[in-house]
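Asks: Provided below are the primary sequence and the corresponding predicted coordinates.
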Amino acid sequence: MNVIFYELVSVQFRMIKSSSNMKRTIKIIRWVARSLSVIIILFHALSFLGDNSMNRLIASDILKLVLWGILLVGLVIAWKWERTGSLIILGVTLLQFIINPVLITVWVMWIAPFTGFLFFFVGLRMEKEK
């Protein structure tokens, strides 16, 4: 009887310990994603403030700027609702790659979708815990 009890307690302790490690890992991933989102938002804010060009924008440029604006909103939304924000980020990135396929080869363009994948992973894990 004592052996069975010991085994049950041992299994429970290992489950608690692994669950604690998983929560810690999820917390780290969440803060990495949030940090990347702040860096992306600050970079774009600085680039918009520093742009002094007074050239007229054509329709494709306006569309690209609107998509970037939606992506930035998705980054902000992902702080509260990870899955919703990540789907916005990934969807906008996909649209940008469809509109301008050359962007696929630019490594900087992969930072936002990487952040979106991190938020999506956190959202999935949080849903599984509920």
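Replies: Arrived safely, thanks for sending.
Asks: so how far is stretch 116-127 from its chain's centroid?
Replies: How far stretch 116-127 lies from its chain's middle: 8 Å, per CA atoms, centre = their mean, to the nearest Å.
Asks: pull out the buried residues from it.
Replies: 116, 118-123, 125 (16 or more other CB atoms under 10 Å). For glycine as for every other residue, the C-beta is placed from the backbone atoms N, C-alpha and C.
Asks: closest one of the residues you listed to Ser35?
Replies: The nearest member of the buried residues of stretch 116-127 to Ser35, counting by CB to CB, is Leu118 at 10.1 Å.
Asks: now do the closest one against Arg30, distance only.
Replies: Leu118 is 8 Å from Arg30, where distance means CB to CB, to the nearest Å.
Asks: what sits up against stretch 78-87?
Replies: Here stretch 78-87 makes contact (CB atoms under 8 Å, 6 or more residues apart in numbering) with 30, 33-34, 37, 74-77, 88-89, 115-120, 122-124, 126-127.
Asks: neighbours of Arg83, just the number please.
Replies: Arg83 has 17 neighbouring residues, counting by other CB atoms under 10 Å.
Asks: any idea which helix or strand carries it?
Replies: Assigned by DSSP states H and E, Arg83 belongs to helix 82-99.
Asks: what mean pLDDT does that helix get?
Replies: On average, the pLDDT along helix 82-99 is 94.
Asks: pull out the buried positions in that helix.
Replies: For helix 82-99, burial by neighbour count (16+ other CB under 10 Å) applies to 82-83, 85-90, 92-93, 96.
Asks: would you turn those residues into JSON lines with distance to Ile70?
Replies: Formatted as JSON lines, those follow (distance: CB to CB, whole Å):
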{"residue": "Glu82", "distance to Ile70": "17"}
{"residue": "Arg83", "distance to Ile70": "16"}
{"residue": "Gly85", "distance to Ile70": "11"}
{"residue": "Ser86", "distance to Ile70": "13"}
{"residue": "Leu87", "distance to Ile70": "12"}
{"residue": "Ile88", "distance to Ile70": "7"}
{"residue": "Ile89", "distance to Ile70": "9"}
{"residue": "Leu90", "distance to Ile70": "12"}
{"residue": "Val92", "distance to Ile70": "5"}
{"residue": "Thr93", "distance to Ile70": "10"}
{"residue": "Gln96", "distance to Ile70": "10"}
